[in-house]
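Student: using only what follows, build the 3D model:
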Amino acid sequence: MKGIVQFLKSKVFLKQIGIAIVGILLLVFGLRWWLGVTTNHGQKIEVPDLSKKTLDEVERILAAADLDYKVIDSASFNPTYPKKSVIEQNPEPGDFVKERRKIYLTLNPSKYRDVEVPDLNGRTRRQATTHLRSIGFKVGTQVTWVKDLGKNVVRGLKYNGNTIAPGTKLPKQTTINLVLGDGNGGN
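Tutor: Just a heads-up that it's a prediction; the model follows:
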């Protein structure tokens, strides 16, 4: 025990402790300096607003700002935005990032996605209208009446004046007109 206490009081031990402390301080300050240089500490680039821009415009704008982009998704078609333009971006416009940062983009598709026309034959006008609207179609006002026993019973569907079969795929927001029974049944 006496030998350990004497060693801890010796100049050799104190010299080694001093070297270790100086070494750790040099390592910490050297690491901070190196991280500041390699991570461009303090540098910031404001993210531009890319909303409603085409990919060509986005590429030009981001290249000038030394930023990259990646298209991550196409959203549901939004008619208020140009086709294949940016609807959403991450990071948001006005945020600050470092050079070569990727901006993730969501694009507006070129049209509404296609939806399968359901089989509504034998349903009432109200049921058919509700069902068509719930899956994204519009119901037109041009009703075609056919002789049938059931009044306001669906006997077909029309798109642009042509009869369409169940299972046909049409873009969302397409207007479909109903073919309904007149309730007179052939009288």
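
Student: can you give me the helices for this structure?
Tutor: 2-9, 11-38, 55-64, 125-134 (DSSP state H).

Student: which residues does the residue most central in space within the chain contact?
Tutor: Against the mean C-alpha coordinate of the chain, by CA atoms, centre = their mean, the closest residue is Thr106 at 4.2 Å. When contacts are counted by CB atoms under 8 Å, 6 or more residues apart in numbering, Thr106 is found next to 71-75, 86-89. C-betas here are computed from N, CA, C, even on glycine.

Student: ok, now Asn90?
Tutor: Per CB under 8 Å, 6+ apart, neighbours of Asn90: 103-104.

Student: ok, it to Arg101 distance?
Tutor: Using CB to CB, to the nearest Å, we find Asn90 at a distance of 11 Å from Arg101.

Student: count the neighbours of the closest residue to Arg101 other than its chain neighbours for me.
Tutor: Nearest-residue entry for Arg101: Leu67, 5.7 Å, with adjacent residues in sequence omitted and distances by CB to CB, 6 or more residues apart in numbering. Residues within reach of Leu67, counting by other CB atoms under 10 Å, total 20.

Student: quick one, phi/psi of Leu67?
Tutor: phi -120, psi 160 (degrees, to the nearest 10).

Student: per-residue confidence for the closest residue to Lys44 other than its chain neighbours?
Tutor: Nearest residue to Lys44, sequence neighbours excluded (CB to CB, 6+ apart): Phe96, at 3.9 Å. Reported pLDDT at Phe96 in the predicted model: 88.

Student: these two touch, right, Phe96 and Gln43?
Tutor: No - Phe96 sits out of contact with Gln43 when judged by CB atoms under 8 Å, with a separation of 9.2 Å.
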